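S.K.: let's see this in three dimensions:
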Amino acid sequence: MPSHREKGGDDGDKEKASDKMKRVFKNAINPLLDDGGHKIGGVLIKAGQEVIYSKIIRKIMKRDTRSWMHLVVFSLLTSAFDDGLGAWYSSKKDFKPSADMKMSDVIKEFPRPLLSCLAINWIMATANQGFHNPMKSFSFRELLIALAAKDIATGGNMVLAKNMKNSRKHIDRFNELQQKQRDASRLKPKPKE
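M.R.: Residues are numbered from 1 along each chain as shown. As a prediction, this is how the structure comes out:
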């Protein structure tokens, strides 16, 4: 669908709001559908693990204040930004696919989703409270729980990719999606000359 500018936006012809929303939605899901939707399985495997691990951690810490739906939405939203916003963390050569990881590689991945967790937490809080000072809705404990759940899910992907052939196929496609996000990110480190 052509953009507002391509349609000749200078002559006063404005794109309808419904068309704009359709375009935004298509752009949001297009990375998952560019190969016929085969990456969706890997995203769901990772997001499902994150939600379950987050719920377990919250029960253990007696901080179970988030609904299942909130955790699902948070996990799916952050998965779209984890690697793009996490590209600052390391160079391309430092990333390993799940099947090639060791436990030390999983632990090194802990800080990668930091920016996406902060951003999506603020966006979701803004949806509830309106625009506000991010520190009013920030909880360091919530951030640590989210990062821990994401890191444990990375370890879960490692175990699944090494031990289950069918899961490995989906996780490998998810790793391809992550690499595309890192390659497209403007936050990635500049190559050393």
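S.K.: contacting residues for residue 30?
M.R.: Listed by CB atoms under 8 Å, 6 or more residues apart in numbering, residue 30 has no contact partners. C-beta here means a position set from N, CA and C on the backbone, and glycine is covered the same way.
S.K.: actually residue 99, not the one I typed
M.R.: By CB under 8 Å, 6+ apart, the contact set of residue 99 is 158, 161-162, 168, 171-172.
S.K.: give me every residue that touches residue 86.
M.R.: For residue 86, the contacting residues are 111-116, 182, 187, by CB under 8 Å, 6+ apart.
S.K.: residue 146 too?
M.R.: Each residue near residue 146 by CB under 8 Å, 6+ apart is listed here: 54, 74, 78, 113, 117, 121.
S.K.: ok, the residue nearest in space to the middle of the chain - contacts?
M.R.: Against the mean C-alpha coordinate of the chain, by CA atoms, centre = their mean, the closest residue is residue 79 at 1.5 Å. Taking CB under 8 Å, 6+ apart as the criterion, residue 79 is in contact with 43, 46-47, 50.
S.K.: the closest residue to residue 101 other than its chain neighbours: neighbouring residues, count only.
M.R.: Using CB to CB, 6 or more residues apart in numbering and skipping the chain neighbours, the partner closest in space to residue 101 is residue 158 (4.5 Å). Residues within reach of residue 158, counting by other CB atoms under 10 Å, total 22.
S.K.: correct me, but residue 158 touches residue 98?
M.R.: Yes. When contacts are counted by CB atoms under 8 Å, residue 158 is listed as touching residue 98 (4.9 Å).
S.K.: quick one: the helices in the protein?
M.R.: Secondary structure of the chain (DSSP state H): helices at 17-33, 40-60, 68-79, 82-85, 103-108, 114-129, 134-137, 140-163, 165-184.
S.K.: returning to what we had before: and of the contacts of residue 146, the nearest to residue 178?
M.R.: Nearest to residue 178 among those is residue 113, at 10.9 Å by CB to CB.
S.K.: which non-adjacent residue is nearest the closest one?
M.R.: residue 82 (4.3 Å).
S.K.: please enumerate residues in contact with stretch 152-167?
M.R.: Residues outside stretch 152-167 that contact it (CB under 8 Å, 6+ apart): 45-46, 49-50, 53, 97-99, 101, 103, 105-106, 109, 168, 171-172, 174.
S.K.: whichever of those end up buried, select them in ChimeraX.
M.R.: To isolate the buried members of the contacts of stretch 152-167 in ChimeraX, using 16 or more other CB atoms under 10 Å:
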select :45,46,49,50,53,97,98,99,101,105,106,109,168,171,172,174
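S.K.: any chance of the contacts of residue 99 in CSV, plus pLDDT and distance to residue 142?
M.R.: As requested, the contacts of residue 99 are exported to CSV (pLDDT from 0 to 100; distance: CB to CB, whole Å):
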residue, pLDDT, distance to residue 142
158, 93, 25
161, 93, 29
162, 93, 31
168, 92, 32
171, 92, 27
172, 91, 31
